[in-house]
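Asker: build the 3D model from these lines:
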Amino acid sequence: MKLEACFILSPHNWYDHVSKNKVNRPLKLSEQIANNNYFDYLIVINRLKPSRVIQIKNDNRTLLKRGMLYNLLFDRKERIYYLEHCLPFGFFEKEFLTRIIFKVKKFLGFDNYVMSIFDPKSTYIFSKVEGVKHFDAYDDWSLSPLFNEKKRHMKYINSGYGLANKNADLITANTEQMINKFKDCRNIIMVNNTTSLRGDAEFEKKQNDKKIVGYIGNIHERIDLEIVKFIAESCKDYNFVFIGKDEYKNGEFQRLVAELDNILYLGSIPYNQVPQHIYNFDVCIIPHVVNKYTLSQDSMKMYDYLAMGKPIVTTPIPPATSVSKYIYIANDKYNFVEKLKIATLENNEMIVQKRKEYIRNNSWFFKAKTIISNIEGVGL
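Answerer: Numbers count the residues shown, from 1 in each chain. Have a look, this model is predicted:
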């Protein structure tokens, strides 16, 4: 039995993320599921502010159906449908979104479908819909500092994980920790993250007096500032460049930048400029704290660095163990300095090409194909 359609319930405003060239796991997997052309209908479900549902933005999508609290739009170029609603998660989403999904199914005229959910706060929908039920467990939201003080969110996140464990036909997870969290599920597989960067791009190498050690990504509490300070003080002949939005509380990161003249902070950059900066790094670093939350994450920046063939020094966070033959893993700040000095001396074109080859063989396209083949197996 062929599955005709796939509903994807994303925690992000999917269309806005596409138009702003953002990068995240639900977005990249959804794009590649669309590119596989397995489903006749791909419908992305977005939760928006009421004003965005009432006043539709003038973009390249066609309005197909307007209902109470929702709109159904179609992007003809990408062949993707958008079901955009303004129902808050909880009772209203559970009771009314499922009815809207049924109306959309009837309007488009298909029978067999997949409900693919990337947001644990919405997994109660599984009990209200037909079709194959797929949940993607990426990162442990119950440990995320983003939700620590949001009691209502945390309540639904925790109950949502339990409902997914009980009701999902297929769970995909990005780390061993997330696999273990859903060990009671009858069908769970590992689907790691990867990168959207192409390692074959050509850039002009900037000449620098010092070795450039670089980090790209949002700067917040998962970065171990004790390690950063120690390696910067221990390696005065290197410049340490940090690129990304500074979200560190109480200005701690900025104080460190002011204290040490070999730490340079360049702020945020568009994603399309990331390859050029990584290209100019002599070594890429991921000095992250190791705790339950970071062990539940699968660092996309590590895949970005690998795509560019760069030597990487990281604390032992995922996916370090699975790519250990391509990188340098440091267990403490002293070991980090040792590995950093070894990495800066690396001049091995063979391992550069092996890193790039690893990424070519583990693209988002292949990740999506793995998910589809497992969904297909459940649907038979």
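Asker: mind pulling up the pLDDT for the closest residue to S268 other than its chain neighbours?
Answerer: Leaving aside its chain neighbours, S268 sits nearest to K245 (4.8 Å; criterion: Cβ to Cβ, 6 or more residues apart in numbering). Where C-beta positions appear, they are placed from N, C-alpha and C, glycine not excepted. Listed pLDDT for K245 reads 93.
Asker: okay, strands next: where are they in the stretch 51-200 of the chain?
Answerer: Secondary structure of the stretch 51-200 of the chain (DSSP state E, counting those that start in this stretch): strands at 62-67, 70-75, 80-85, 113-117, 132-137, 170-173, 188-190.
Asker: export whichever helix or strand comes after the shortest one to PDB, keeping only CA atoms.
Answerer: Right, strand 188-190. Using DSSP states H and E, the helix or strand that follows strand 188-190 towards the C-terminus is strand 211-216. Provided in PDB are the C-alpha atoms of strand 211-216 (Å, rounded to 0.1, in the frame of the first residue of the first chain):
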ATOM      1  CA  LYS A 211      47.000  30.500  13.400                       C
ATOM      2  CA  ILE A 212      43.300  31.000  13.400                       C
ATOM      3  CA  VAL A 213      41.200  28.800  15.700                       C
ATOM      4  CA  GLY A 214      37.500  29.200  15.000                       C
ATOM      5  CA  TYR A 215      34.100  28.500  16.400                       C
ATOM      6  CA  ILE A 216      30.800  29.200  14.600                       C
END
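Asker: what sits up against strand 211-216?
Answerer: The contact list for strand 211-216 (Cβ atoms under 8 Å, 6 or more residues apart in numbering) reads 223, 231, 235, 237-244, 269, 274, 277-278, 280-287, 301, 304, 340, 344.
Asker: cutoff 7 Å now
Answerer: Identification of contacts with strand 211-216 by Cβ atoms under 7 Å, 6 or more residues apart in numbering yields 238-244, 274, 277-278, 280-285, 301, 340, 344.
Asker: so how many other residues sit close to A330?
Answerer: Applying other Cβ atoms under 10 Å, we find 24 residues neighbouring A330.
Asker: for this protein, where's the lowest mean pLDDT among helices and strands?
Answerer: Scoring the helices and strands of the chain by mean pLDDT, DSSP states H and E places helix 14-19 at the bottom, with a mean of 74.
Asker: hey, what's the angle from the helix or strand following that helix to strand 113-117? Just curious.
Answerer: Later in the chain than helix 14-19, the nearest helix or strand by DSSP H and E is helix 25-35. Helix 25-35 and strand 113-117 are oriented at 160 degrees to each other (axes from the mean of the first three to the mean of the last three Cα atoms, to 10 degrees).
Asker: make JSON lines out of the strands of the stretch 51-200 of the chain and add mean neighbour count.
Answerer: Shown next, in JSON lines, are the strands of the stretch 51-200 of the chain (neighbours: other Cβ atoms under 10 Å):
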{"stretch": "strand 62-67", "mean neighbour count": "13"}
{"stretch": "strand 70-75", "mean neighbour count": "21"}
{"stretch": "strand 80-85", "mean neighbour count": "22"}
{"stretch": "strand 113-117", "mean neighbour count": "26"}
{"stretch": "strand 132-137", "mean neighbour count": "25"}
{"stretch": "strand 170-173", "mean neighbour count": "24"}
{"stretch": "strand 188-190", "mean neighbour count": "16"}
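Asker: want to throw these into CSV with mean pLDDT and distance to A320?
Answerer: Shown next, in CSV, are the strands of the stretch 51-200 of the chain (pLDDT from 0 to 100; distance: least, Cβ to Cβ, whole Å):
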stretch, mean pLDDT, distance to A320
strand 62-67, 94, 45
strand 70-75, 95, 38
strand 80-85, 94, 35
strand 113-117, 96, 28
strand 132-137, 96, 20
strand 170-173, 97, 17
strand 188-190, 95, 15
